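Visitor: predicted structure and sequence below. I'll ask about it afterward.
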Amino acid sequence: LRALSFSPDGQSLAAGGRNGKMRIWHLRGGQGHEEYAAHQGRIRALAFSPDGKLLASSGEDGKVYVWSFDSRSGRDLPRRPAKIFSLVFIGPNELAAGGSDNLIRLWDLATSEEIGQLSGHQGSVMSLDCNGQILVSGSYDTVVRIWTMKDYVARTPRAATELK
């Protein structure tokens, strides 16, 4: 297994790995697990939306797959030419994805459109986290970058703060 994520309410656990399948265990009530074929290669990251209604996965096949628990269906975001190693929701319906092209791509999940990119890393973006105000990225370039949400709203990112 390469990726794990708890749902926001802590009642479900998602896991993904080498076979490209997402497994979701419902921890309360012993309901067993669900399994979905999401990728052609390894899953590298999983992220639940803040309301727990969506689960995004990414992998070495360069795609981001979004599963909706409400509609019980999934869809792919348009593929980009990079392996996607990290995911985090930056809003209820917005997702950030970091990859082997050294970029953080920002997605609007309502329209399935890429709405922006954050650049500055000199290596693959391997980790992302967001607290609602700040997006933090970590890369193989050994730099942690801090992006404020106002940078994102402006659609033209300012220089990021670096921590080494």
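Guide: Ah, there it is. As the structure is a prediction and not an experimental result, all values here were calculated from the model.
Visitor: so where do the helices sit in the chain?
Guide: Under the criterion DSSP state H, the chain carries helices at the ranges 149-153.
Visitor: and the pLDDT at the residue of it most remote from its centre?
Guide: Computed with C-alpha atoms, centre = their mean, the maximum C-alpha offset from the centroid of the chain is found at residue 29, amounting to 28.0 Å. You'll see residue 29 listed with a pLDDT of 71.
Visitor: also the one 5 residues further on?
Guide: Looking at residue 34, its pLDDT reads 87.
Visitor: so where's the chain shaky on pLDDT?
Guide: The chain contains residues with pLDDT under 70 at 30, 150-164.
Visitor: in this protein, which residue is most central in space?
Guide: So for the chain, C-alpha atoms, centre = their mean, it's residue 87, sitting 1.8 Å from the centre.
Visitor: isn't that one right up against residue 104?
Guide: No. Using C-beta atoms under 8 Å, residue 87 is not in contact with residue 104; the gap is 10.3 Å. Bear in mind the C-beta positions are built from the backbone N, C-alpha and C, glycine included.
Visitor: between these two, which contacts overlap?
Guide: Contact criterion C-beta atoms under 8 Å, 6 or more residues apart in numbering; residues shared by residue 87 and residue 104: 96, 97, 98, 128.
Visitor: and the two most separated of these?
Guide: The two members of the shared contacts of residue 87 and residue 104 with the most space between them (C-beta to C-beta) are 97 and 128, at 7.9 Å.
Visitor: who has more neighbours out of the two?
Guide: residue 97 (26 against 23; other C-beta atoms under 10 Å).
Visitor: residue 107 is in contact with the more buried one, correct?
Guide: Yes. With contacts counted by C-beta under 8 Å, residue 97 reaches residue 107, the gap being 6.6 Å.
Visitor: anything in contact with each of the two?
Guide: In contact with both residue 97 and residue 107: residue 64, using C-beta under 8 Å, 6+ apart.
Visitor: quick one, what contacts residue 115?
Guide: Contacts of residue 115 (C-beta under 8 Å, 6+ apart): 94, 106, 107, 108, 155.
Visitor: same deal with residue 85?
Guide: 44, 45, 58, 98, 99, 100, 124, 125, 126, 127.
Visitor: cool, thanks, talk later.
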